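> only geometry, no sequence info:
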């Protein structure tokens, strides 16, 4: 099964991602570095497509010292290291070959490959949420997520924050305190005028005035049933929260993809955090969801995310135990 999933992922990468790799390489990290340069020369906010905070641009400024190609490679190396750490955590207890095959499947998952190519930050979002889910409920567990909220507050995080309010309250307090502190630092260093420009961009994102190419939300792909899907997602999420932490977490990952105002190809990476939970509760369902993942997220993400939401109800509370 692992061999089949890994090889299928590589094959779909070759068919779907390889033809566009050269055109999208480093698009996002180049934009991040350009925003950092704009912050340094006082023109931050002129790129209406950059929706991260001035603090995000400030943190990116070290990459402005490197040539463009080297900056992209350094960013790629950081994210590969984060992904490797995550795979190692989730494959604990598996034999070496199985762990390698899982790693291949993770890296060949189309959202992962696309994120690595364009240089987005979804890998870091994944890691920040993982630290909250994998660790005990303590304020330190929310530090990374707090930094993310202060730099790139993506809409799909909203269900995760609601889940934390129910099951990880100390981590949520830590995340909010760090986000507030980091924002104050950003205001002090970059100036309130840059934050006002940023808020203005968030109020009217340039992407919403465009054809929104690449958008995978229900409104974009299945407009006729978008509202019922979103309502079902919210209701399912509430019911899953009542079942326990693990079902609620898987549901949060799924519903974040349904209710976000826009969802691009790299966003479904978050479902990787639910694979082990589903596999322990319903192995055959997990195999089916993983087997069709790379194809489904591209052609029918709303329906696929709804499938993940349904799978959350197969998970028993406190089902996370060391794999045999």
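Ah, there it is. None of the values given here were measured: they were computed from a predicted structure. Residues are numbered from 1 along each chain as shown.
> can you count the residues close to residue 100?
When neighbours are counted by other C-beta atoms under 10 Å, residue 100 registers 15. Using the backbone N, CA and C atoms, a C-beta is placed for each residue, glycine as well.
> what's the spacing between the helix or strand where it lies and its chain's center?
Element membership for residue 100, per DSSP states H and E: helix 96-108. How far helix 96-108 lies from its chain's middle: 20 Å, per C-alpha atoms, centre = their mean, to the nearest Å.
> now what about it, what contacts it?
Residues outside helix 96-108 that contact it (C-beta atoms under 8 Å, 6 or more residues apart in numbering): 2-3, 5-6, 9-10, 12-13, 83-84, 86-88, 90-91, 94, 112-113, 116, 272, 290, 294.
> Which strands or helices does the next helix or strand after that helix pack on?
Downstream of helix 96-108, the next assigned helix or strand under DSSP H and E is helix 110-118. With contacts defined as 3 or more C-beta pairs under 8 Å, 6 or more residues apart in numbering; DSSP states H and E, helix 110-118 has these neighbours: helix 21-24, helix 27-41, helix 68-90, helix 96-108, helix 122-134, helix 293-299.
> what's the angle from helix 110-118 to helix 96-108?
For helix 110-118 against helix 96-108, the angle by axes from the mean of the first three to the mean of the last three C-alpha atoms, to 10 degrees is 70 degrees.
> which residues are contacting helix 110-118?
With C-beta under 8 Å, 6+ apart, helix 110-118 has contacts from 9, 12-13, 16-17, 21, 24-29, 76, 79-80, 83, 106-107, 120, 122-123, 265-269, 272, 293-294, 297-298.
> again, only using 6 Å
Here helix 110-118 makes contact (C-beta atoms under 6 Å, 6 or more residues apart in numbering) with 13, 16-17, 21, 24-25, 27-28, 122-123, 265-266, 268-269, 294.
> ranking the residues you listed by neighbours, who comes first?
Result: residue 268 is most packed of the contacts of helix 110-118 (other C-beta under 10 Å), 30 neighbours.
> What's the per-residue pLDDT of that residue here?
The confidence metric pLDDT takes the value 96 at residue 268.
> all numbers from here: first residue = 15
Yep, numbering from 15; the last one is residue 282 now.
> and it, what is it in contact with?
Applying C-beta under 6 Å, 6+ apart, the residues near residue 282 are 125, 311.
> how close does it get to residue 303?
11 Å (C-beta to C-beta, to the nearest Å).
> so how far is residue 233 from the residue nearest to the spatial centre of the chain?
For the chain, the residue whose C-alpha lies nearest the mean C-alpha position (C-alpha atoms, centre = their mean) is residue 136; its distance is 4.1 Å. Residue 136 sits 21 Å away from residue 233, taking C-beta to C-beta as the criterion.
> got the contact list for the helix or strand that contains residue 200?
Assigned by DSSP H and E, residue 200 belongs to helix 183-204. For helix 183-204, the external contacting residues (C-beta under 6 Å, 6+ apart) are 68-69, 72, 146, 151-153, 155-157, 159-161, 163-164, 178-179, 209.
> so what's the residue nearest to the centre of the chain scoring on pLDDT?
95.
> now do residue 337
Model confidence at residue 337 (pLDDT) stands at 44.
> Ok, residue 23 next?
pLDDT, residue 23: 89.
> Near residue 150, how many other residues are there?
9.
> Let me see the contact set for residue 259.
So, once contact is read as C-beta under 6 Å, 6+ apart, residue 259 ends up touching residue 181.
> any idea of the pLDDT on it?
94.
> Return the distance of it relative to residue 286.
Counting by C-beta to C-beta, the gap from residue 259 to residue 286 is 18 Å.
> Same question for residue 239.
26 Å.
> For these two, indicate the residue with more neighbours.
Taking other C-beta under 10 Å, residue 239 and residue 286 do not tie; residue 286 has more neighbours (22 against 14).
> pLDDT value on that one, please?
For residue 286, pLDDT reads 96.
> swap in residue 220?
Value for residue 220, per-residue pLDDT: 79.
> quick one: contacts for it?
Counting by C-beta under 6 Å, 6+ apart, residue 220 touches 62, 63.
> Could you do the one 5 residues further on as well?
Shown here is residue 225, which makes no contacts under the criterion C-beta under 6 Å, 6+ apart.
> And it, how far from residue 163?
Counting by C-beta to C-beta, the gap from residue 225 to residue 163 is 29 Å.
> where in the chain is pLDDT low?
332-338 (pLDDT under 70).
> Go again with 90.
Along the chain, the model assigns pLDDT under 90 to residues 15-16, 19, 23, 30-38, 59-63, 80-83, 107, 215-228, 276, 330-338.
> I'd assumed residue 325 was in contact with residue 292.
Yes: applying C-beta atoms under 6 Å, one finds residue 292 in contact with residue 325, separated by 5.2 Å.
> For residue 43, see how far away the closest residue to residue 96 other than its chain neighbours is.
Once flanking residues are discounted, residue 96 sits nearest to residue 141: 5.0 Å by C-beta to C-beta, 6 or more residues apart in numbering. Residue 141 sits 17 Å away from residue 43, taking C-beta to C-beta as the criterion.
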